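Q: Have a look; sequence and predicted model below, questions after that.
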Amino acid sequence: MTSELLEKALVLVKVGAPWVGPALACATFAEAMVVVGVFIPVTPFLVLAGAAMGLGALNPATLAWASAGAFLGNAVSYRLGRTARVGGLAARLPARARAAAEALFARHGAAAIIIARFLGPPATVAPFLAGWSGLPWGRFLVASLAASLAWPPAMMGAGALLARVLSLSLGGR
């Protein structure tokens, strides 16, 4: 029963495969946006996409879409932070989220962008605070690129591994 359900799910993924990459790019872009990203958890979808990839239903190029969306979302969030600093809008962030992200950023500098990317909600605030705090654009871009290239493969790799283990335990190839 479980293996039949898995097969049916893979057929559905294969049918929609051309749209998975662009959809993940939009989702990772939205998740990287300040505040908005708290309400759009993409990690479970990356894990599921990785599982589909591990079972051969998705092209590995899907990783590039996810990384590009995250990178562009980070860049926009950084620019919003720069704009908010000039306009005094940063105080409108929830105090608890701002304090947590600021502490992370103060402790780790540009590396906070990479660290936060793997911590969920802080990932949505860290690029904004990097812009708000005046972190140089070049340093931010390097950290953002590293985070955007590491996060999707890590999450999708976990999904691929999980799918492989599940496939083997169900008597798959």
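A: Perfect, thanks for sending it. Numbers count the residues shown, from 1 in each chain.

Q: so what pLDDT did the residue nearest the centre of the chain get?
A: Note on the chain: the residue nearest the mean C-alpha position is residue 28, at 4.9 Å, using CA atoms, centre = their mean. pLDDT for residue 28: 92.

Q: Quick check: it touching residue 152?
A: Yes - the criterion here is CB atoms under 8 Å, and residue 28 meets it with residue 152 at 7.0 Å. All C-beta atoms are positioned from the backbone trio N, CA, C, and that covers glycine.

Q: Find residues that contact each of these two.
A: Taking CB atoms under 8 Å, 6 or more residues apart in numbering as the criterion, residue 28 and residue 152 both touch 46, 66, 67, 70.

Q: So which of those is surrounded by the most neighbours?
A: Neighbour counts for the shared contacts of residue 28 and residue 152, by other CB atoms under 10 Å, peak at residue 70, which reaches 31 neighbours.

Q: So that residue is in contact with residue 114, correct?
A: No - Residue 70 is beyond contact range of residue 114, at 11.7 Å (criterion: CB under 8 Å).

Q: can you list residues touching both of the two?
A: The overlap between the contact sets of residue 70 and residue 114 (CB under 8 Å, 6+ apart) consists of residue 147.
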